[in-house]
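**Q** I'd like to go over a predicted model; first the sequence, then the structure.
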Amino acid sequence: MVKSNADIDQERTSKQEAEKAQNDPFITGLAGKIKNNWEVARFARNVIEERIIDSLRRRNGEYNPEKLAKIREQGGSEIYMMLTSIKCRAAEAWINDVMFPAGDKPWKVEPSPIPELDPDTESSVAEYVQREAQEWMQQFQQILPPEAMQERLKQLTDQMQEHMQEEADKIAERMDLKIEDQTKEGNWKPAMKEVVKDVVTYPAGIIKGPIVRRRKTLKWEQDETTGKWAPVSGIDFRLEWSRVAPFDLYPSPSSKDVNDGYIFERHRLRRADLVAMKGVPGYDDAAIDLVLEQYGTGGLREWLWRDQERAWLEKRPNEWLNYDDTMDALEFWGSVSGKLLLDWGMSPDKIDDPFKEYEINAWLIGSYVIRAVINEDPLGKRPYDKCSFEEIPGAFWGFGVPEIMKDLQDICNAAARSLVNNMAIASGPQVEVHTDRVPIGEDITNLHPWKIWQTLSDPHGTNNPAVRFHNPQTYAKELMAVYDHFSNLADEYTGIPKYAYGENGSSGGAAGTASGLSMLMSSAARGIKQVIANLDKPIEGTIKRTFIFNMLNDEDETIKGDLGVVAKGATSLVAKEQQMLRRNEFLEQTNNPTDMAIMGLEGRATLLRESVKSFDIPIDDVVPDRETIVAKAKQAAMQAMMQSDNPALTGGGAAMDPAGAPAGGQDAALFG
């Protein structure tokens, strides 16, 4: 493509304006603050970095270099028992089974409890009752008793509240479906499953979102004339969620949570990632072009001392070869005083109070600030949530499974290495040879069955043999007992017993029967329940922010209302099979006239709909919705009323004899 002089001049002017904007006092002041805070956060996280690396090593089944060097110095086995990996995988599978059952989700949108009626509505209801009382007086020439008026007032108030609750339920259902659709498109469930793995493995797991990102889309449109379908690509904005690796999150030294102090996320971006940011509100397209021009071909890697070790442990040993393809970026979230923002040159229109703290978000790549905006969240919350397998009150980082069972893993490794070394030594005899009584050239290092040993006579005249065999003692039984003892302790330390992942043990006991195993699983679930309760926090946080985004930006007013988000992970602790069993038992127990009279068709339909959900089939094809059931009930009631008003429609007026035939009369004789 040949560019005209005007195009070249326009590009030159745009570049000069972008460079001038980067030299603006606000941008330079913000960049300086980001760099200073980054150095502090990076230094403060060195201790946590060691813990994160060690946790990953233990899950991978690898010794740290210092320990491995000592083992090799001593010689012998380098075996690493994957006990930590087994516990991590079992915990991960258990949590995922509870939190992500088929056909369900670990959250729901609920309407806020309907309060008492406001004064205006109460007055309207009271006026309506007064009019009814007046109509009663005019019609029957009697005064309606005060008790009847109070009862009617209460009845109408209850009906009004019930109607408001029904409308709120419908709004909540529409919002629920909207958010569910957004989470499916935006990678929420895969991101949360990755976070579960991080929570089990590392001192914390972090999820980010929702974030507005620009993505290519593909749709299919049918040609009106030919009837053929053709692909149509486009660009669309959508909400997305992503897992943040614990390696890439740097809180301030005093942070207790993601919304406390300041926080950094370290990104590794490709050219395509930066191009996708252009056009997204809040990003500086001109600054992005400068970054692409300066670093787009050579890359920008601000290496940290743990980067290569992390790449090895994450099975990317040759990552360093990609140095020219990626650019390091820092994303900053933190509060800045209004006075400082004004001093840096931010528009006074955006600063209401110079003494107020303003939450800002900024991106820094090299020396370029590609984004600098005030956080638009109504509560000033950041788009991050984190939790740990075992939380520590007042601390940002908690404990994962590898750290909880760290000592037990070390003891089991030591026992296993000793066992292997002992088995190697005790697998055959140790041979003692008097070399001065062996003929020259005899190979004493080769030991095989039926070997003939040529020896010389003892010069001292003793009867001692020239070759002696010693059988080393085996300590396999003792070492295996040590290993079994401490590996069993891991069940108590982590709260993840062996029978939770299918190992019943050789001793039988309670785990040997279905009912006994169910009791043991219920008891063990108390430990994992706390972990799932911890995970409810990021689930509720991400969905609440999505709800707020929809309330602020969605044009569909029918999904908006006074709603709330509830995480239901901890309440879903019972396994899906057990839930189905109990639900079926309840359906059978309530399938009687007495219970049906209490719950009615609507209640029975609710139970059936929940049961059908478990089979992953269309619910509406099996169980009608509530409105249809209510309409059918009303229709049946009207038919019954009509039949009771006209007995001839059913023959209900004819008397029957004991045999069930019409009794007596000339008409009866006609059918004899």
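**A** Sure, I can see it.
**Q** stretch 337-357: which residues count as buried?
**A** 338, 340-341, 344, 346, 351 (16 or more other Cβ atoms under 10 Å). (Each C-beta comes from the backbone N, C-alpha and C, glycine too.)
**Q** from the residues you listed, pick the one nearest Asn422.
**A** Leu340 (67.1 Å; Cβ to Cβ).
**Q** checking the closest one next. Helix, strand or coil?
**A** Of the three states, Leu340 takes helix under DSSP: H, G, I helix; E, B strand; the rest coil.
**Q** show the average pLDDT along stretch 239-251.
**A** For stretch 239-251, mean pLDDT rounds to 96.
**Q** report the buried residues of that stretch.
**A** Buried-residue list, stretch 239-251, by 16+ other Cβ under 10 Å: 239-247, 249-251.
**Q** repeat that for stretch 40-57.
**A** Those would be 41, 45, 48-49, 51-53, 55-57, for stretch 40-57 by 16+ other Cβ under 10 Å.
**Q** so which of those are in helices?
**A** 41, 48-49, 51-53, 55-57 (DSSP state H).
**Q** out of the buried residues of stretch 40-57, which is nearest to Met164?
**A** Ala41 (49.1 Å).
**Q** now do the contacts for the closest one.
**A** 250-253, 262-264 (Cβ atoms under 8 Å, 6 or more residues apart in numbering).
**Q** list only buried entries from the residues you listed.
**A** Looks like the contacts of Ala41 have 250-252, 262-264 buried, using 16+ other Cβ under 10 Å.
**Q** nearest to Asp458, out of these: which one, please.
**A** Tyr250 (75.4 Å).
**Q** run through the strands of the protein in chain order.
**A** Using DSSP state E, the strands of the chain run over 107-111, 205-222, 229-244, 249-251, 263-269, 327-337, 357-365, 368-374, 384-387, 430-433, 467-470, 563-567.
**Q** let me see the contact set for the spatially most central residue of the chain.
**A** Closest residue to the average C-alpha location of the chain: Met192 at 2.9 Å, with Cα atoms, centre = their mean. Contacts for Met192 (Cβ under 8 Å, 6+ apart) come out as 99-100, 207, 241, 538-539, 542.
**Q** which residue of the protein lies farthest from its centroid?
**A** Max radial position in the chain (Cα atoms, centre = their mean) goes to Gly461, at 82.0 Å.
**Q** distance of that residue relative to Pro439?
**A** 19 Å (Cβ to Cβ, to the nearest Å).
**Q** tell me what Ala329 is bridged to.
**A** His267 (DSSP bridges).
**Q** which one is Tyr501 nearest to, not counting chain neighbours?
**A** Ala90 (4.0 Å; Cβ to Cβ, 6 or more residues apart in numbering).
**Q** that neighbour - how many residues pack around it?
**A** 21 (other Cβ atoms under 10 Å).
**Q** quick check: it touching Tyr499?
**A** No: look at Ala90 against Tyr499 with Cβ atoms under 8 Å: they stay out of range, at 10.4 Å.
**Q** and the contacts of Ala41, which is closest to Val212?
**A** Nearest to Val212 among the contacts of Ala41, with distances taken as Cβ to Cβ, is Ile263, at 19.5 Å.
**Q** Leu552 - how many residues pack around it?
**A** 11.
**Q** nearest spatial neighbour of it, skipping sequence neighbours?
**A** Pro378 (7.8 Å).
**Q** that neighbour and Ile548, how far apart?
**A** Applying Cβ to Cβ, the value for Pro378 to Ile548 is 7 Å.
**Q** look at the two and report which has more neighbours.
**A** Ile548 (17 against 9).
**Q** what pLDDT does the more buried one get?
**A** The model's pLDDT for Ile548 equals 95.
**Q** doesn't Asp377 make contact with it?
**A** Yes: Ile548 is within contact range of Asp377, at 7.1 Å (criterion: Cβ under 8 Å).
**Q** pull the number of nearby residues for Arg152.
**A** Neighbours of Arg152 (other Cβ under 10 Å): 17.
**Q** now do it against Asp158, distance only.
**A** Arg152 is 11 Å from Asp158, by Cβ to Cβ.
**Q** need the residues touching each of these two.
**A** Counting by Cβ under 8 Å, 6+ apart, nothing touches both Arg152 and Asp158.
**Q** burial measure for Pro145, as a count.
**A** 10.
**Q** how about Asn422?
**A** 19.
**Q** which non-adjacent residue is nearest it?
**A** Tyr475 (5.2 Å).
**Q** just to check, the one you found is in contact with Met423?
**A** No: here Tyr475 does not reach Met423: they are 9.4 Å apart, not a contact under Cβ under 8 Å.
**Q** overlap in contacts, these two.
**A** By Cβ under 8 Å, 6+ apart, no residue touches both Tyr475 and Met423.
**Q** most neighbours, which of the contacts of Met192?
**A** Top of the contacts of Met192 by neighbour count (other Cβ under 10 Å): Thr542, with 29 neighbours.
**Q** follow-up on the earlier one: ok, of the contacts of Met192, which one's closest to Asp169?
**A** Closest to Asp169, out of all of the contacts of Met192 and judged by Cβ to Cβ, is Ile539, at 21.7 Å.
**Q** that closest one: what's it in contact with?
**A** Per Cβ under 8 Å, 6+ apart, neighbours of Ile539: 99, 106-107, 192, 567, 569.
**Q** not counting sequence-adjacent ones, nearest residue to it?
**A** Nearest one to Ile539, counting by Cβ to Cβ, 6+ apart, is Ala567 at 4.4 Å.
**Q** residues in a beta bridge with that neighbour, which ones?
**A** Assigned bridge partners for Ala567, using DSSP bridges, are Trp107.
**Q** of all the buried ones among the contacts of Ala41, which comes closest to Gly400?
**A** Pro251 (17.0 Å).
**Q** how close does the closest one get to Thr606?
**A** Distance from Pro251 to Thr606, by Cβ to Cβ: 45 Å.
**Q** and His267, how many neighbours does it have?
**A** 16.
**Q** can you list the contacts of Ile539 in TSV and add pLDDT and distance to Pro383?
**A** Formatted as TSV, these follow (pLDDT from 0 to 100; distance: Cβ to Cβ, whole Å):
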residue	pLDDT	distance to Pro383
Met99	87	21
Pro106	89	19
Trp107	92	17
Met192	96	14
Ala567	86	17
Gly569	67	20
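**Q** quick one: which two of the residues you listed are the most distant?
**A** Across the contacts of Ile539 (Cβ to Cβ), the longest gap, 11.1 Å, separates Met192 and Ala567.
**Q** okay, Glu503: pLDDT?
**A** For Glu503, the model assigns a pLDDT of 64.
**Q** and Thr650, by the same measure?
**A** So, for Thr650, pLDDT stands at 48.
**Q** residues near Glu135, how many?
**A** 11.
**Q** quick one on the thing from earlier: so which of the strands of the chain is nearest Gly299?
**A** The nearest among the strands of the chain, by Cβ to Cβ, is strand 327-337 at 5.9 Å.
**Q** next, the buried residues of the closest one.
**A** Buried, per 16+ other Cβ under 10 Å, within strand 327-337: 327-334, 336.
**Q** in a markdown table, list these along with distance to Val199.
**A** Listed next are the buried residues of strand 327-337 as a markdown table, based on distance: Cβ to Cβ, whole Å:
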| residue | distance to Val199 |
| --- | --- |
| Met327 | 29 |
| Asp328 | 26 |
| Ala329 | 26 |
| Leu330 | 25 |
| Glu331 | 22 |
| Phe332 | 25 |
| Trp333 | 21 |
| Gly334 | 25 |
| Val336 | 32 |
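**Q** no more questions from me, cheers.
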